[in-house]
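the following comprises the amino acid sequence and a computationally predicted model.
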Amino acid sequence: MRVLSVILGILLIVGGILSIVSPGDSALNVGMLMGLFILVHGVGSLMNHYRFRFLGDGWGIAGAILSILLGVLLMTSGWLQLLTNLAIVFIAGLWMLVAGVVLMVTAVKLAGAWRLLSLERQGFGWLWLLFLGLVLIVLGVLAYVHPIAGVITMSALMGVYVIASGVNLIAVACCRPGY
């Protein structure tokens, strides 16, 4: 599981860098690209949910399954890709808002679990999740406030999030003792 998390993290970082470096090219295939990012995010979230299953709630798995389904849909339907290219700002904005809330809820639960377990060395991975959740919520709100900025801006903004998500996957894989 750790190796797969690191590989997915590296793929997310590379994809994020490509989105930032050439947002115009990314915008041409934004439906496919967004589907890939959401799919990889969903798979990584599902792996992290399994790793932190002791938290015992279904929010993480529900968000991961939703991300996987949406990612597959966006990658396989040409008609949906066209619609996505037209409405990408609003679809991505809604996803970022929901995923941001899920990450923030997970971060708070993880922080409580660390205190509950009374471990000698408390982890601070929950702070990273809290930060990622906040970044997603801010980006989601911006998508609705400035829709004219369009798909090119969304490609660059998603690149920032995808890089941060890749770093998170690698950090969790490398720093979680016992898994």
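Great, that's in hand.

tell me the helix or strand right after the helix-or-strand element of the chain with minimal mean pLDDT.
Lowest on mean pLDDT, DSSP states H and E among the helices and strands of the chain sits helix 23-28, with a mean of 69. Per DSSP states H and E, the first helix or strand lying C-terminal to helix 23-28 is helix 30-51.

what residues sit buried inside the helix or strand that that next one is followed by?
Of the helices and strands lying after helix 30-51 in sequence (DSSP H and E), the nearest is helix 59-76. By neighbour count on 16 or more other CB atoms under 10 Å, the buried set for helix 59-76 is 60, 63, 64, 66, 67, 68, 70, 71, 73, 74, 75. Placement of C-beta: from N, CA and C, glycine included.

what are the buried residues along the helix or strand hosting residue 92?
Element membership of residue 92, judged by DSSP H and E, is helix 78-117. Buried residues in helix 78-117, counted by 16+ other CB under 10 Å: 81, 84-85, 88-89, 91-93, 95-107, 109-111, 113.

chain center to that helix, what's the gap?
Using CA atoms, centre = their mean, to the nearest Å, the mean C-alpha position of helix 78-117 is found 6 Å from that of the whole chain.

could you do stretch 99-118 as well?
Centroid separation between stretch 99-118 and its chain, computed with CA atoms, centre = their mean, is 16 Å.
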